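Engineer: Here's a sequence, model it:
(2 chains)
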Amino acid sequence: MNLPEFGVGLTWFPALKPIIEANVDLVNVLEVEAQSFWRHDVIQHKLAVDDTAVDAFRRQSPAKLVHSFGCPVGGTVHPAAADLALLHSVAVDLGVPWLSEHLSFNRVNEGGPLWHAGLLLPPRQTLEGVDSAVSAIRFVSAQVKLPLAVETGVSYLRPRADELPDGEFVARVAEAADCGILLDLHNIWTNDRNGRQPLGDYLDQLPLERVWELHLAGGYYHRGYWLDAHSGVVPDALLELAIRLAPRLTNLKAIIFELFPSHFPNVGARAFRAQLESLHRLWDRRGHSPTTKSRTRTDPPDPDPAPSPKDWESTLACLAVHRPCDSPLAIELRRDPGLAIIRENVEKFRGSMVVRTLRFSARLIMLERGCAYLEQLLAAFWRTHPPQRFAVDEADAFAAFLKQEKPYVPYLAEVLEYDRAVIAVALDGEERSISFGADPLPLLRALGAGRRPTEILSGEFEIRLTPDQVKTEAHKLSAMEPIH
Amino acid sequence: MPFAREPEYAAHGRVRLTLPISVAYDLEKFERALANAEHIIARSRGGRGTGTHLPAREFVVDPASLQVREACIVVGVL
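Structural biologist: Numbers count the residues shown, from 1 in each chain, chains lettered A, B, ... in the order given. Sure thing, here's the model as predicted:
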């Protein structure tokens, strides 16, 4: 496929702007996650693209690429057509030559309403799983009308005897769907370190001529697992491996360094620049002539072993969010210690959505009853409520749960109403009033400062929240956020 | 645990604070505005004397300066 070459770039986050400007000579391309432009329109109850944010991003100087995490193509549930229309819109607005999406799944169809697993989960790696993924890739390609590259995913689960090796699964999908590959080397490195297929074997199974894009990142060990945390520079050993691999990548168009902005201070400006320089040396070593190295293949079992991809997705997603599930597969997967890592990732993400949205309520619960009590409430909530894609929806569901459960926390009902009103006014611009039976000034001031409220006087009070022209950061709460 | 008792100004009726959303969402501005509000409400309370009774009082935060002023009461608003 004749695609343009970009060079070395970064995953775009607005907080990285000054860092990018300081290294503009080393940043050829910015890759943005399409969902960072999606907003949950709380008035019309639908998703929309934030055109202002797209315009602002378009004005950044380097070339652009669009990556997606909201329409994964590894499962039996096809992405929603409305989501793909938004993805297409962002891609067209930014004029990108291809899109990339994860070879994972995140939605489950159990016959009722579809629900979200809260995390990108590894697909069922069988021939039927290949067929499902190929079907999803064709569906997405037809909707977005651009070449698609599938990202090689991370899996914290143990390898299974009844599944295709990781590299072979990706190879079979990419060849059958005739699509590109976004080779996330850090994901494969993570899988290798956590006991899955050795990275060298994985690469030997891939059709490397289909690799258009390389992702590199850093991580760290947590509870015995290497995490794909995008938390630092690329480990030296992984970079050396990438340097050896580069001449075999004859259609490589871009190398993207993934770093969450919150981790930049740990990296530092000097190491960050040195990282970009090393990635340019890697880029210079990319291959130019087709290679003839044959790929290793394994014979998959025939017929396809149980469970089916649909059962796999339903069971794994249920376990990830603590929904009841007692199938033989569930019993088996519960014995996999990697499940705890998946659950922890889902819970951290869901917890952060609540704490950032219901800011004062979360603080009030922690200050009055302790962090452990808030964790207990969240755990009870998670067991009965599936994850939401947007922080505002997750927070609304948790607020409704608290109203029903009525935990003993002084002033919680009023503070909860206040938190919800702040978000609602910020998002829809409609004025709201909240009545308090106690003086909200010392109460909210204490919570704002992270202090336990004391000596709060009773009386009749009201806070009226009014819209104004100053743009708040609240719009971010209506956006989807990256979690891979 | 926190405790509740009647504040002096509660006896003077309902107190309403109008807060622009840009102040409410920004914790730093929020803290400054509420500190100003507490000061102004307490001061105005002292200035009215014990014989004065209003059914309601309203205070408004300015989003630019974060200063708080007491607004005129419109009967029936609260």
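
Engineer: for A:Ala242, helix, strand, or coil?
Structural biologist: Taking DSSP: H, G, I helix; E, B strand; the rest coil as the rule, one finds A:Ala242 in the helix state.

Engineer: check contacts around it.
Structural biologist: Contacts for A:Ala242 (CB atoms under 8 Å, 6 or more residues apart in numbering or on different chains) come out as A:185, A:214, A:216, A:234, A:282. Backbone N, C-alpha and C define where each C-beta goes, glycine included.

Engineer: I'd say the second one and A:Leu185 touch.
Structural biologist: In this case it means A:Leu214. Yes. Applying CB atoms under 8 Å, one finds A:Leu214 in contact with A:Leu185, separated by 6.3 Å.

Engineer: out of these two, which sits in the more crowded spot?
Structural biologist: Neighbours of A:Leu214 and A:Leu185, each counted by other CB atoms under 10 Å in any protein chain shown, are more numerous for A:Leu214; the result is 26 against 23.

Engineer: How about the secondary structure of that one?
Structural biologist: Look at A:Leu214: counting by three-state DSSP, its state is strand.

Engineer: Likewise for B:Arg16?
Structural biologist: Using three-state DSSP, the structure places B:Arg16 in strand.

Engineer: what comes up buried for stretch A:433-453?
Structural biologist: A:434, A:436, A:438-448, A:453 (16 or more other CB atoms under 10 Å in any protein chain shown).

Engineer: From A:Leu339, how far out is A:Asp83?
Structural biologist: Relative to A:Leu339, A:Asp83 is positioned 28 Å away (CB to CB, to the nearest Å).

Engineer: Same check on A:Glu31?
Structural biologist: Computed as CB to CB, the A:Glu31 to A:Leu339 distance reads 31 Å.

Engineer: before we move on, what about A:Pro467?
Structural biologist: Distance, A:Pro467 to A:Leu339, by CB to CB: 45 Å.

Engineer: Also A:Ala34?
Structural biologist: Taking CB to CB, one finds A:Ala34 at 29 Å from A:Leu339.

Engineer: higher neighbour count, those two?
Structural biologist: Neighbour comparison, A:Ala34 and A:Leu339: the larger count goes to A:Ala34, with 28 against 18 (by other CB under 10 Å).

Engineer: Please name the nearest non-neighbouring residue to A:Thr11.
Structural biologist: Ranked by CB to CB, 6 or more residues apart in numbering or on different chains and with sequence neighbours excluded, the top spatial neighbour of A:Thr11 is A:Glu258, at 4.7 Å.

Engineer: What are the boundaries of the strands in chain B?
Structural biologist: Applying DSSP state E to chain B gives strands spanning B:14-20, B:56-61, B:68-71.

Engineer: which of the ones you listed sits most buried?
Structural biologist: Comparing the strands of chain B by mean neighbour count (mean count of other CB atoms under 10 Å in any protein chain shown), strand B:14-20 comes out on top with a mean of 23.

Engineer: quick one: average pLDDT of that one?
Structural biologist: Here strand B:14-20 scores 91 as its mean pLDDT.

Engineer: Report the buried residues of the helix or strand of chain B with the lowest mean pLDDT.
Structural biologist: Least confident helix or strand of chain B, by mean pLDDT, DSSP states H and E, is helix B:27-48 with a mean of 81. For helix B:27-48, the neighbour count (16+ other CB under 10 Å) marks B:29-34, B:36-38, B:40-41, B:44-45 as buried.

Engineer: What residues does the residue lying closest to A:Ser289 once chain neighbours are set aside make contact with?
Structural biologist: Of all residues not flanking A:Ser289 in the chain, A:Thr250 sits nearest, at 6.4 Å (CB to CB, 6+ apart). For A:Thr250, the contacting residues are A:208-209, A:286-291, by CB under 8 Å, 6+ apart.

Engineer: okay but A:Pro305 is in contact with A:Gly129, surely?
Structural biologist: No. In this structure A:Pro305 lies outside contact range of A:Gly129 using CB under 8 Å: 10.7 Å.

Engineer: Settle it for me: which of those two has more neighbours?
Structural biologist: Taking other CB under 10 Å, A:Pro305 and A:Gly129 do not tie; A:Gly129 has more neighbours (26 against 16).

Engineer: returning to what we had before: among the buried residues of helix B:27-48, which are within reach of chain A?
Structural biologist: Residues of these in contact with chain A (CB under 8 Å from any CB of the partner chain): B:30-31, B:34, B:37-38, B:41.

Engineer: Nearest to chain A, out of the strands of chain B?
Structural biologist: Chain A sits nearest to strand B:14-20 of all those, at 4.1 Å, using CB to the nearest CB.

Engineer: now the closest one and helix B:27-48, what's the angle there?
Structural biologist: Here strand B:14-20 points in a direction 150 degrees away from that of helix B:27-48 (axes from the mean of the first three to the mean of the last three CA atoms, to 10 degrees).

Engineer: quick one: B:Glu58 from A:Phe461, how far?
Structural biologist: 11 Å.

Engineer: Also A:Ile43?
Structural biologist: For A:Ile43, the distance to A:Phe461 equals 29 Å [CB to CB].

Engineer: and those two? which has more neighbours close in?
Structural biologist: Between A:Ile43 and A:Phe461, counting by other CB under 10 Å, A:Phe461 is the more crowded of the two (22 against 9).

Engineer: Let me see the contact set for the residue nearest to that one when sequence neighbours are not counted.
Structural biologist: Using CB to CB, 6+ apart and skipping residues adjacent in sequence, the residue nearest A:Phe461 is A:Phe436, 4.2 Å away. Residues near A:Phe436 by CB under 8 Å, 6+ apart: A:411, A:414, A:443, A:461-463.

Engineer: farthest-separated two in the residues you listed?
Structural biologist: For the contacts of A:Phe436, the farthest-apart pair by CB to CB is A:Tyr411 and A:Glu462; their separation is 14.8 Å.

Engineer: For A:Gly129, give its distance to A:Ala161.
Structural biologist: When A:Gly129 is compared with A:Ala161 (using CB to CB), they lie 15 Å apart.

Engineer: same check, this time on A:Lys145
Structural biologist: Using CB to CB, we find A:Lys145 at a distance of 40 Å from A:Ala161.
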